[in-house]
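1. Generate a structure from the sequence data that follows.
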Amino acid sequence: MLMEVILICIAMATALFVAAFLTKRRFGLLGLALAAGSILSSVWGDDLGMVASGLGIPQGPMTSAIVMAAIIMLPPFVLLFHGYTYKNHLARVAGAAMFTLLAFAFLIEPLGHILMPVGVGANVYDWLVNNRTLIIGAGLILAVFDLFLTKPVQSLEKKSKH
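-> Residues are numbered from 1 along each chain as shown. Presented below is the predicted three-dimensional model:
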């Protein structure tokens, strides 16, 4: 069980990092999308869990956790295909790493209902739980700061005026 939990977390972290890195999306937009997903999850999570059970999916903590995690991740996944991008490699790595850490901070609550880590995984899990609010607060501040660093696209009309 220990190895399964660690492998699941590593697979999730790798998927989040690779998605953010390959699409070159800026951390600011993705970080704020995670916050929006968290708010939507708290508003709609219970209702969508009941809808899922009405569709024949067995109701329980696993279903609730998966529905909550899916709602949290929906806005960032939609925005992976739209928005500002990084231009250099180091910024892409840093942005993807910050997105992955912030996503885990938002997902730690629903994941805690279905994944029971032990050993080294429990230490990492406890650290994330204990520092969740600090990670989310700092991450959202950095996300807003990252949005201020983006430069709007210049229209061709303004450049052609003489």
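
2. What residues sit buried inside the helix or strand harbouring A15?
-> Per DSSP states H and E: A15 is located in helix 2-23. By neighbour count on 16 or more other CB atoms under 10 Å, the buried set for helix 2-23 is V5, I6, C9, M12, L16, F17, A19, A20, F21, T23. Yep, even glycine has a C-beta here, placed from its N, CA and C like the rest.

3. I'd like to know which of those is nearest to L30.
-> A20 (6.3 Å; CB to CB).

4. Let me know the distance separating the closest one from T133.
-> Distance, A20 to T133, using CB to CB, to the nearest Å: 22 Å.

5. And for the residue nearest to L107 when sequence neighbours are not counted, the neighbour number?
-> Spatial nearest neighbour of L107, excluding adjacent residues (CB to CB, 6 or more residues apart in numbering): A69 at 5.5 Å. Other residues within reach of A69, judged by other CB atoms under 10 Å, total 22.

6. Identify the residues contacting A69.
-> Residues counted as contacts of A69 (CB atoms under 8 Å, 6 or more residues apart in numbering) are L107, P110, L111.

7. center of this protein - which residue?
-> Nearest to the geometric centre of the chain sits A103, at 3.1 Å (CA atoms, centre = their mean).

8. Was I right to think that one contacts L80?
-> No. Between A103 and L80 there is no contact under CB atoms under 8 Å: 11.8 Å.

9. so what's the residue nearest to the centre of the chain scoring on pLDDT?
-> At A103, the model reports a pLDDT of 93.

10. Could you do G56 as well?
-> Looking at G56, its pLDDT stands at 75.

11. can you count the residues close to it?
-> G56: 6 surrounding residues under other CB under 10 Å.

12. Is it within a helix or a strand, and which one?
-> Element membership for G56 (DSSP H and E) is empty, with no helix or strand holding it.

13. mind checking how far it is from Y125?
-> From G56 across to Y125, the span is 32 Å (CB to CB).

14. re the thing from before, average pLDDT across the strand or helix carrying the residue nearest to L107?
-> Per DSSP H and E, A69 falls inside helix 61-79. Averaged over helix 61-79, pLDDT sits at 86.

15. any idea where the helices of the chain begin and end?
-> Using DSSP state H, the helices assigned to the chain run over residues 2-23, 27-54, 61-79, 89-114, 120-130, 132-149, 156-160.
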